[in-house]
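**Student:** Take this sequence and fold it.
(chains A, B and C)
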Amino acid sequence: MSLFFKKSIIAATGLFLCIFLIVHLSANMLLLLPENLARGLYNSYSTTLRESILISIIAYLLYISIIFHVIYAGIVTYKNRQSKGVRNVMNHKNENSSWASQNMGVLGVLILIFIVVHLVNFWARVKLGIGENVKTDVAGNMDVYEVTFTLFHNIYYVIFYSILMIPLGFHLHHGLKSAFKTLGFYHKKGLKILAKTSLIYAVVMSVGFGIIPIIVYFK
Amino acid sequence: MKVTFKIWRQEGLETQGALKTYDVDRLSEDMSFLEALDHLNETLVLKNEKVIAFESDCREGICGACGVFINGRAHGPHDNMSTCQLHMRSFKDGDTIVVEPWRAGTFPIVKDLVVDRSAFDRIIEQGAYITAKTGTAAEANAILIPKEVADASMDVAACIGCGACVATCKNASAALFVSAKINHLNKLPQGQPEAHKRLLEMTTQMELENFGSCTFTAACEVECPAEISINSIAEMNARYVKAKLFG
Amino acid sequence: MMLDSKIPEGKLEDKWRNYQAQSHLINPANKKKLNIIVVGSGLAGAGAAATLAEMGYVIQCFCYQDSARRAHSVAAQGGINAAKNYQHDGDSVWRMFYDTLKGGDFRSREANTYRLAELSAPLIDHFVQQGVPFAREYGGVLANRSFGGVQVQRTFYARGQTGQQLILAAYSQLSKMIRAKKVEMLPRHEVLDIVVINGKAKGVIVRDLATGEIKRFAADAVVLATGGYSRVFRLSTLAIGCNGSAIWKAHKRGAFFAAPSFTQIHPTALPQTSEAQSKLTLMSESLRNDGRIWVAKKMDDERKAKDIPEEERDYYLERRYPSFGNLAPRDIASRAAKERIDAGHGVGQLKNAVYLDFKHAINKFGKPVIEDKYGNLFTMYEKITGINAYQEPMKISPAAHFSMGGLWVDYELMTTIPGLYAIGECNYSDHGANRLGANSLLQTSIDGYFILPNTINNYLEGEIGQKHPGVEHPEFAHVENEVKVQINKILEINGNRTADDFHRELGKVMWQECAMSRNRKGLEKAIVQIKVIKEQFWKDVKVTGNNNEMNTELEKALRLADFIELAILMCTDALQRDESCGAHFREEYQTEDGEAVRNDDDFKYVSVWEYNEGHFKLHKELLEFEYVQPTVRSYK
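**Tutor:** Numbering: from 1, shown residues only, chains lettered A, B, ... in the order given. Take a look at the predicted model:
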């Protein structure tokens, strides 16, 4: 398989995950509503997600995307390191490229750690039933709101969740524009717009996800 | 002016190399960086030492022969400039200047600061040409090429083949070089008949040579003496998709 | 030995066609059995190697650089001439022929010069086909600009990188034939001597620059395409590695050397700023299209350029040559600059430059237009000098540039050694005593692509039956040994001076006595001085390192050893020519207002030198002008 193809898989899965994040963040915004509204809406939303076949398919796509994104990023990074061989004694990379672009692998690993913890906290409990039982709310839906609420009243989790949104932002900022170019988007003006869009997107995602645990903590 | 050079010395591919320190005096700000190395070499000769091997030829930024890593940057501290165009006025009296060869698995060291860039030639051999024999051309103006197209082609055709893009890339990717050559010909009407074949064969060779893949750090476009934009790589990718789908 | 220039019969317009019609052909099966060595991979070498390979010959091509693409053709900036008459300004093959002949001050063969003009138009077709992104008009047709010494617009260009784009095209064709396994490319290989067996060129002795190994290569014919030798002045616009070693060794083995003293001094290079300088960067002559050259009227004017009012500026080219103005030919522009500098009007730190001013052009056309035309040259200027030429004038100065002289060749581009050809800048053929701007890329390409592939068959046809003897022939061992002896000798001297030090000394003598203006006394003195340098060199040079490794210091010294000997011949040649013509200006022969005085009665010949044990014997190839009467070359 050509390098271009491997790189395209990373780009395409990355873009898919970017779209997912938008949906994810929009839903999470429900958490910011007053508690009486938020609990009902959020729980019925998560029940809908769990019961829809379409969403299930998309969920599997999501798992596959994450797995492929990680595996191929690993393969390509390994190959690239091996291509480079011996490194320079002195290298002032910061003068010719952004820090994020030089450290996508490190950022990716941090995000992966986050995802694992995040899945253990929610997905494992709600979907797989591992760990403490999840209660149901008045409407009979699983009370995911309560899970979230409890979690984000643990200061360590709040710090963990919020801090790790910073590497996410950097990763998205470089990843989004890079993915487009990898897939062959080269329209000159379009690329300028893309650069700005990537920045805005990354800031919104990073701040959006990052601020929720803090707000919930003070609720 | 006086500076301290720390220069990579290595007898050959198989031997160990190391940075060696040289204090060099009696330099002037108007000297080019390479002239400072010349000067150092002359003093080495008189001290009965072997000269530092480095490459340079035209010394006006067009042949692409020169190229070393200076203080952690390909071609030195300025953007879009070749080593031969760097002058000592860019350094301060008393500075320490670290000089290393291009680093990439595909550019093995020949001696000291000289590396073997023949991988570039082998990529060019895989199709960076138009298959037409001498003496078979039609009247030049029979092919009309809009100014915008000719200019865009020229923008990338300006590549001097120095290898700074590979040297500065953390992945040792040759994507900027290869894309420049492919886009130069594939943008022009003359290049159309072989466009897909050229692209696929050249990119295949690029991989066979063990260059890494582009992750768009954009370091290359900052160091490229010919100011070739990284968009050229995106364009090559688009052409790649097209060639795969319709080629 | 009689010099037979082999000019074909017929009218001027028909000569090349007649020649082609009558020359021998070789069938494809036989071509496969013949191999040709091409030395150099510039436009001439790469063009010839690719074309000869396409025809079916087996080629080995050498260059000293790490890649064929770096040959110094790459540095030609301004453009390439062709008599296309796209501008509808009265251009024609005849006019181009006449301009070139006149530009060369009537010291070249009519038939050669005509052929150059005749083949110029198909060459542009050829390069367009190969994908050269020449400048275009909005409608898609090719654009032109004008160059020094002509009054029409016939120069085709690709920004300020025309040479680069042409050499890349040639290199791409060469690569195509390398892939087809018809050309074996040997970069980092420097030819150190020519092997002549039974009077015919049969091979070369080569040093592998990466390992130091001395290798032998045999062939049925040897083509030298090694470029110019202006590095003899040390400071020149040439690349650091450019050398005259292969042609000098060929000369010593029997190839005659023609007009060695005809070297062009380019008027628009960047001035020297320090003793340690290694080269002078050229600024394209095309800048003279829009830039105006001037100095202050007052001597030693210390004011800044912008503080000198218009009426106190001396636009000396416009003053002296009103009809050509700033576009006067190179030799004239250089000399005029030297005259002003010597008279105390020079500008810059070392008072060795003149101004090239774009103020008027920027006012008239606006900055974007100037930027579009010359942007990369302005950028280059700023990179080197740190000065923004949109705001203040450039400082330029004359610099050694092109060698019109070179190995003598006949109409077939063969030297006086059968089977040894010289193409491109290393021969003496079309330019006479001065080359016009943008004719260099033209001549070198035409030699390689169009002429040699048509003429070499004539010789090789005779070689089909008698395959070359191969590298086992005792003559190869003999020449190889001579090369090794020379290398060992240089390494063993272990003296007190570096090769560069000798080169600087040689350069100073040559620049002083054998450059823009020359005189008997100075030349006689120079010859004595150079002989002393030679003696000193072989006693006192110091080269460290060994032969069996990459040794850049050894390369320098070997090249310099040949330059020193060549310099003696250059001065000898300048001394015998008691006239001023083209780039050769003898102070004794000038008018009252400093214009050159040519002497057609006594010097209407090409001086051709034969080497004989350290002495040079003069032969004369008389020039006959059947179609054009030599006139006084005036650009006033």
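**Student:** got the contact list for C:F563?
**Tutor:** C:Y229, C:R231, C:V232, C:N243, C:G244, C:H503, C:L506 (C-beta atoms under 8 Å, 6 or more residues apart in numbering or on different chains). C-beta coordinates here come from the backbone N, C-alpha and C atoms, glycine included.
**Student:** Got the phi and psi for it?
**Tutor:** Phi and psi for C:F563, reported as degrees, to the nearest 10, are phi -60, psi -40.
**Student:** Show the pLDDT at it.
**Tutor:** Note for C:F563: predicted pLDDT of 98.
**Student:** Might you report the residue contacts of the residue of chain B found nearest chain C?
**Tutor:** Here the residue of chain B nearest chain C is B:L144; by C-beta to the nearest C-beta that distance is 3.2 Å. B:L144 sits next to C:G139, C:G140, C:V141 when contact means C-beta under 8 Å, 6+ apart.
**Student:** Tell me which helix or strand it sits in.
**Tutor:** Per DSSP states H and E: B:L144 is located in neither a helix nor a strand.
**Student:** hmm, back to that, could you pick out the buried ones from the contacts of B:L144?
**Tutor:** C:G140 (16 or more other C-beta atoms under 10 Å in any protein chain shown).
**Student:** returning to what we had before: how far away is the residue of chain B closest to chain C from B:G94?
**Tutor:** Computed as C-beta to C-beta, to the nearest Å, the B:L144 to B:G94 distance reads 59 Å.
**Student:** Assumed B:K181 was part of a strand.
**Tutor:** No: judged by DSSP: H, G, I helix; E, B strand; the rest coil, B:K181 forms no part of a strand; its state is helix.
**Student:** Might one say that it is in contact with B:E125?
**Tutor:** No: using C-beta atoms under 8 Å, B:K181 is not in contact with B:E125; the gap is 11.3 Å.
**Student:** who has more neighbours, the two?
**Tutor:** Set side by side, B:K181 and B:E125 show more neighbours around B:K181, with 26 against 21, by other C-beta atoms under 10 Å in any protein chain shown.
**Student:** any idea how far the more buried one is from A:K181?
**Tutor:** Plainly put, B:K181 is 18 Å away from A:K181 if you go by C-beta to C-beta.
**Student:** so how far is the helix or strand hosting C:F616 from its chain's centroid?
**Tutor:** Element membership of C:F616 [criterion: DSSP H and E] is strand C:615-622. Taking the mean C-alpha point of strand C:615-622 and that of its whole chain, the gap between them comes to 22 Å (C-alpha atoms, centre = their mean, to the nearest Å).
**Student:** so what secondary structure elements neighbour that strand?
**Tutor:** helix C:552-576, strand C:605-612 (3 or more C-beta pairs under 8 Å, 6 or more residues apart in numbering or on different chains; DSSP states H and E).
**Student:** Quick check: can you name the pairing partners of the shortest one and their directions?
**Tutor:** Strand C:605-612 has the following sheet partners, assigned by DSSP bridges: strand C:257-258 (antiparallel), strand C:615-622 (antiparallel).
**Student:** And for residue 30, nearest residue in space, chain neighbours not counted?
**Tutor:** All of this is about chain A. Spatially, and ignoring its direct neighbours in sequence, A:L30 is nearest to A:Y42 (4.7 Å; C-beta to C-beta, 6 or more residues apart in numbering or on different chains).
**Student:** Not quite, go with chain B.
**Tutor:** That would be C:T273: by C-beta to C-beta, 6+ apart, it lies 4.1 Å from B:D30.
**Student:** burial of that neighbour, as a residue count?
**Tutor:** Neighbours around C:T273, by other C-beta under 10 Å: 23.
**Student:** Could you do C:E624 as well?
**Tutor:** For C:E624, the count of nearby residues is 11 (other C-beta under 10 Å).
**Student:** which residues sit in contact with it?
**Tutor:** C:E110.
**Student:** same question, C:L356
**Tutor:** By C-beta under 8 Å, 6+ apart, the neighbours of C:L356 are C:T268, C:M283, C:L287, C:R288, C:G291, C:R292, C:I293, C:P393, C:M394, C:K395, C:I396.
**Student:** Let me know the average pLDDT across the helix or strand where A:K192 lies.
**Tutor:** Per DSSP H and E: A:K192 is located in helix A:188-218. Mean pLDDT, computed over helix A:188-218, is 96.
**Student:** Which elements pack onto that helix?
**Tutor:** Under the contact definition 3+ C-beta pairs under 8 Å, 6+ apart, helix A:188-218 sits against helix A:3-28, helix A:155-163, helix A:165-182, helix B:231-246.
**Student:** Export those as TSV, with columns for distance to A:K188.
**Tutor:** Listed next are the helices and strands packed on helix A:188-218 as TSV, based on distance: least, C-beta to C-beta, whole Å:
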stretch	distance to A:K188
helix A:3-28	20
helix A:155-163	37
helix A:165-182	12
helix B:231-246	7
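**Student:** and B:F54, which of the ones you listed is closest to it?
**Tutor:** Nearest to B:F54, of all these, is helix B:231-246, at 28.5 Å by C-beta to C-beta.
**Student:** so does that closest one get close to chain C?
**Tutor:** No: contact of helix B:231-246 with chain C (C-beta under 8 Å from any C-beta of the partner chain) is absent, the minimum separation being 14.2 Å.
**Student:** and C:M185, how far is that from C:Q443?
**Tutor:** In terms of C-beta to C-beta, C:M185 sits 24 Å off from C:Q443.
**Student:** A:I166 reaches A:S206, doesn't it?
**Tutor:** Yes: at 6.4 Å, A:I166 counts as touching A:S206 under the criterion of C-beta under 8 Å.
**Student:** more crowded one of these two?
**Tutor:** Shown here are A:I166 and A:S206; by other C-beta under 10 Å, A:S206 has more neighbours (21 against 14).
**Student:** Identify the residues contacting the nearest residue to the more buried one once chain neighbours are set aside.
**Tutor:** In space, A:S206 comes closest to A:G169 once its chain neighbours are excluded; the distance is 2.9 Å by C-beta to C-beta, 6+ apart. Applying C-beta under 8 Å, 6+ apart to A:G169 gives the contacts A:A202, A:V203, A:M205, A:S206, A:V207.
**Student:** hmm, back to that, and the helices and strands packed on strand C:615-622, which is most packed in?
**Tutor:** helix C:552-576 (a mean of 23; mean count of other C-beta atoms under 10 Å in any protein chain shown).
**Student:** Okay, angle between that one and strand C:615-622 too, please.
**Tutor:** 60 degrees (axes from the mean of the first three to the mean of the last three C-alpha atoms, to 10 degrees).
**Student:** Below-threshold pLDDT in the stretch 451-600 of chain C: ranges please.
**Tutor:** Nowhere does the stretch 451-600 of chain C drop to pLDDT under 70.
**Student:** residues from it in reach of chain A?
**Tutor:** So the stretch 451-600 of chain C never meets chain A (C-beta under 8 Å from any C-beta).
**Student:** What residues does the residue nearest to A:L30 make contact with?
**Tutor:** A:A27, A:L30, A:L31, A:V144, A:Y145, A:T148.
**Student:** That one and chain C: what is the separation?
**Tutor:** Note on A:Y42: its distance to chain C, by C-beta to the nearest C-beta, to the nearest Å, is 59 Å.
**Student:** If you rank every helix and strand of chain B by mean pLDDT, what lands last?
**Tutor:** Using mean pLDDT, DSSP states H and E, helix B:231-246 stands out as the lowest-scoring helix or strand of chain B, at a mean of 94.
**Student:** Does anything pack onto it? Which helices or strands?
**Tutor:** Partner elements for helix B:231-246 (3+ C-beta pairs under 8 Å, 6+ apart): helix A:165-182, helix A:188-218, helix B:175-187, helix B:195-208.
**Student:** could you check the angle helix A:3-28 makes with that helix?
**Tutor:** Per the same axes, to 10 degrees, the angle that helix B:231-246 makes with helix A:3-28 is 100 degrees.
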